[in-house]
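> how does the following fold in three dimensions:
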Amino acid sequence: MDNFDIHKQGTLERDIKYLTKYENFFKLDENSKTFKLECEYKIPFFSKNKEIHSKWNKQSVSLNQINFDNENYQIYFYNYGEQKTNLESEQKKIIEKQRQIDAEKESKNIINEIKKLRKRKTVDFSSASMKIENLSKYELQTLNSRLDFTNISPVIHWITTATQDDFPFIEFILNCTKIELDVNQTSKEGRTALQAIYENNEISNNIPIKALFKRGYRLTDNDKKLISKIDGDSENKLIIYTLCNNLKNRSLVDSVFKYSKLIFIIESAKKNKIIGFNYKKNAWIAFANNAINFYQEYWEYIELAFKGFGLWDILTESDKKKSFAKKLQAFYSEMPTQKYDFDEVFRELYPELKN
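Numbers count the residues shown, from 1 in each chain. Next comes the predicted model:
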């Protein structure tokens, strides 16, 4: 082994290197006047960009400088594995610190972007939305930690002080679901976000109300009292809000608003009371004929509701002039293609109705 060279890449050299985890290789130091060994050992080090590399070093060592590994029965002068582990640990800290710095910087840039767009009264917050959408999970956590909207939500203040020019900003904040926000927090006076929308005559309310419910807003009794007091169409709106409130899948909120008239037909059958249409009390034949005329493409759902909630029997008994029966017969003779884009929200709201 006198001619063994650790720097060679032959099979013998590679095999011998991997026999020891310390990568220390000893031979007699023939240049020393006392008994010493010449040790060649590998040293880990950081490059300029903090990558870990290794290089070989050589040192003449006496016996009292040599350590013995009792578990693996190996001698070593320099513990390469331990030093490499220490560098790896330090490297992780450096990477984590830089990651934090970068995330804080990106969060600051996004917040400044939102402030700039809001100050300009812009209607388009897509640039900020795109930046938030592209954040990593860690960067998003950093942004939300910096915003801290879950502990102290500014939503009610924003809505209360908003003018129509502020509407795009409020819409952006509510619709950007990656920004963590507690829409159910109340003000010191106990006002809710929904009440703030209703009490601010400067902004239209449909879109922010939809966004609130999509965010998980929970309708309160005080909300209902206020809406009943100040909204002339309170009965119909409260039905829609209550249905949104009951949704397990809040992504269906838009569908509840979109299909509100169709839902009123089904709710009328369910509650045995005409809702959302200007018909006299118990004018069920006129109500049903209207449903056939104007909601033909969704008749499968309507008929299912009429039969499931008992309205079908009422229609059959009260159809003295057979106008409903004739319309129904004419409808089935040339039945239009049915639409099923209402299906998901229908199944969610009326699980008791099954084909």
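> in the stretch 101-250 of the chain, where is pLDDT below threshold?
Residue ranges of the stretch 101-250 of the chain with pLDDT under 70: none are present.
> please enumerate the helices of it.
126-133, 137-147, 155-161, 167-175, 193-199, 206-214, 221-230, 234-246 (DSSP state H, counting those that start in this stretch).
> ok, which of those comes nearest residue 304?
The closest of these to residue 304 is helix 234-246. By C-beta to C-beta, the value is 17.4 Å. C-beta coordinates here come from the backbone N, C-alpha and C atoms, glycine included.
> other SSEs contacting the closest one?
helix 206-214, helix 221-230, helix 253-258, helix 260-271 (3 or more C-beta pairs under 8 Å, 6 or more residues apart in numbering; DSSP states H and E).
> that one: how far from the chain's middle?
Its chain's C-alpha centre lies 25 Å from the corresponding centre of helix 234-246 when counted by C-alpha atoms, centre = their mean, to the nearest Å.
> likewise stretch 285-300?
With C-alpha atoms, centre = their mean, you get 39 Å for stretch 285-300.
> residue numbering should commence at 813 henceforth.
I'll keep to 813 as the first residue from here, and by that count the last item is stretch 1097-1112.
> and the helices of the stretch 913-1062 of the chain as JSON lines, adding mean neighbour count and distance to residue 997?
As requested, the helices of the stretch 913-1062 of the chain are exported to JSON lines (neighbours: other C-beta atoms under 10 Å; distance: least, C-beta to C-beta, whole Å):
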{"stretch": "helix 938-945", "mean neighbour count": "16", "distance to residue 997": "21"}
{"stretch": "helix 949-959", "mean neighbour count": "16", "distance to residue 997": "14"}
{"stretch": "helix 967-973", "mean neighbour count": "18", "distance to residue 997": "7"}
{"stretch": "helix 979-987", "mean neighbour count": "20", "distance to residue 997": "14"}
{"stretch": "helix 1005-1011", "mean neighbour count": "22", "distance to residue 997": "8"}
{"stretch": "helix 1018-1026", "mean neighbour count": "21", "distance to residue 997": "12"}
{"stretch": "helix 1033-1042", "mean neighbour count": "14", "distance to residue 997": "14"}
{"stretch": "helix 1046-1058", "mean neighbour count": "17", "distance to residue 997": "17"}
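> quick one: closest of the ones you listed to residue 1076.
Residue 1076 lies closest, by C-beta to C-beta, to one member of the helices of the stretch 913-1062 of the chain: helix 1046-1058, at 7.0 Å.
> need the residues that contact the closest one.
For helix 1046-1058, contacts defined as C-beta atoms under 8 Å, 6 or more residues apart in numbering pick out 1006, 1021-1022, 1025, 1029-1031, 1035-1036, 1039-1040, 1043, 1062, 1065, 1068-1069, 1072, 1075-1076, 1079, 1087-1088, 1161.
> stretch 1018-1025 too?
971, 979, 982-983, 986-987, 995, 1005-1006, 1009, 1053, 1056-1057, 1059, 1062, 1065-1066, 1069.
> just stretch 845-864 next, same as before
818, 834-841, 865-875, 878, 888-890, 892, 895-896, 899-900, 903, 906-907.
> and what of stretch 1100-1112?
Residues outside stretch 1100-1112 that contact it (C-beta under 8 Å, 6+ apart): 1073-1074, 1077, 1089, 1091, 1114, 1118, 1123, 1127, 1135-1136, 1139-1140, 1143, 1147-1151, 1154.
> ditto for stretch 985-1000
Here stretch 985-1000 has contacts from 937, 940-941, 944-945, 947, 952, 955-956, 959, 961-962, 965, 967-970, 1004-1005, 1008, 1020, 1023-1024, 1026-1030, using C-beta under 8 Å, 6+ apart.
> run the last query once more with 6 Å
Outside of stretch 985-1000, the residues within contact range by C-beta atoms under 6 Å, 6 or more residues apart in numbering are 941, 944, 952, 956, 961-962, 965, 967-968, 1004-1005, 1023-1024, 1027, 1029-1030.
> distance between the helix or strand containing residue 1158 and the chain's centre?
Under the criterion of DSSP states H and E, residue 1158 resides in helix 1155-1161. How far helix 1155-1161 lies from its chain's middle: 23 Å, per C-alpha atoms, centre = their mean.
> pull out the buried positions in that helix.
1157-1158, 1160-1161 (16 or more other C-beta atoms under 10 Å).
> again with stretch 1097-1105
For stretch 1097-1105, by 16+ other C-beta under 10 Å, it's 1097, 1099-1101, 1103-1104.
> who touches the helix holding residue 1158?
Under C-beta under 6 Å, 6+ apart, the answer for helix 1155-1161 is 1055, 1064, 1067, 1113.
> can you check stretch 870-883 too?
Counting by C-beta under 6 Å, 6+ apart, 841, 844, 848-852, 887-889 sit against stretch 870-883.
> tell me the bridge partners for residue 839.
Listed beta-bridge partners, residue 839: residue 850 (assigned using DSSP bridges).
> report the two of the buried residues of helix 1155-1161 separated the most.
Top of the distance list for the buried residues of helix 1155-1161 (C-beta to C-beta): 1158 and 1160, 7.3 Å.
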